[in-house]
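> I need the structure of the sequence given here:
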Amino acid sequence: GICHTDFHFVKNEWGMTVYPVVPGHEIVGMVTEVGSKVEKFKIGDKVGVGCLVGSCRSCESCTNDLENYCPKQILTYGLPYFDGTRTYGGYSDHMVADEHFVLRWPENLPLDTGAPLLCAGITTYSPLRYLGLDKPGV
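Numbers count the residues shown, from 1 in each chain. Model (predicted):
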């Protein structure tokens with residue numbers, strides 16, 4: 001999927017883009033390789049990744065499942081990854097993500113039409129869930 005945020009980054013409208021930039025933070029695809037410590041996924045799994053691929057995992061925000069507020073968050077594109085390489089988004093040939101930020105993709109959900117759920121979908125669902133309004137009849 002493509003989001004308006006991608007256009008902001010490509011045009012450097014927020015003054016923080018490092019070129020070259022490869023956008024895309026509504027990412028779905030297949031696992032092609034896993035690290036030695038990966039436990040949740042295997043090669044061939046269908047997965048999705050939103051706007052984060054990493055964080056410190058130890059600050060107050062991270063320990064409260066609020067990684068999007070982590071001061072050391074690693075966005076899907078445009079920032080240094082743990083190993084010093086730059087992150088490139090969903091339109092790159094491949095990408096690396098901490099398994100904590102990878103979601104198992106349902107077999108019955110088409111990859112292309114489901115991708116927007118990883119940005120626009122979660123942006124609207126997350127506050128509803130946080131406020132307890134994610135149950136039928138609420």
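> Run a quick neighbour tally on the nearest residue to Phe82 once chain neighbours are set aside.
Setting aside the residues directly before and after it, Phe82 is nearest to Gly54 in space (Cβ to Cβ, 6 or more residues apart in numbering), at 6.2 Å. (Each C-beta comes from the backbone N, C-alpha and C, glycine too.) Neighbour count for Gly54, taken as other Cβ atoms under 10 Å: 22.
> residue ranges of the strands in the protein, please?
All strands of the chain, identified by DSSP state E, fall at 27-30, 46-49, 52-54, 74-75, 102-104.
> what's the residue closest to the geometric middle of the chain?
With distances taken as Cα atoms, centre = their mean, Gly50 lies nearest the centre of the chain, 2.3 Å away.
> what separates that one from Gly137, distance-wise?
Using Cβ to Cβ, to the nearest Å, Gly50 is found at 28 Å from Gly137.
> just Cys62 next, same as before
Distance of Cys62 to Gly137, computed by Cβ to Cβ: 33 Å.
> Mind checking which of these two has more residues around it?
Shown here are Cys62 and Gly137; by other Cβ under 10 Å, Cys62 has more neighbours (19 against 3).
> got the CA coordinates for the longest helix anywhere in the chain in PDB?
Identified as the longest helix of the chain according to DSSP state H is helix 120-130. Taking C-alpha atoms only, helix 120-130 is exported to PDB below (Å, rounded to 0.1, in the frame of the first residue of the first chain):
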ATOM      1  CA  ALA A 120      -5.100   3.600   8.000                       C
ATOM      2  CA  GLY A 121      -6.700   0.500   9.500                       C
ATOM      3  CA  ILE A 122      -4.600   0.400  12.600                       C
ATOM      4  CA  THR A 123      -4.700   4.200  13.000                       C
ATOM      5  CA  THR A 124      -8.500   4.000  13.500                       C
ATOM      6  CA  TYR A 125      -8.600   0.600  15.300                       C
ATOM      7  CA  SER A 126      -5.900   1.300  17.900                       C
ATOM      8  CA  PRO A 127      -7.600   4.000  19.800                       C
ATOM      9  CA  LEU A 128     -10.900   2.100  19.800                       C
ATOM     10  CA  ARG A 129      -9.100  -0.900  21.300                       C
ATOM     11  CA  TYR A 130      -7.200   1.300  23.800                       C
END
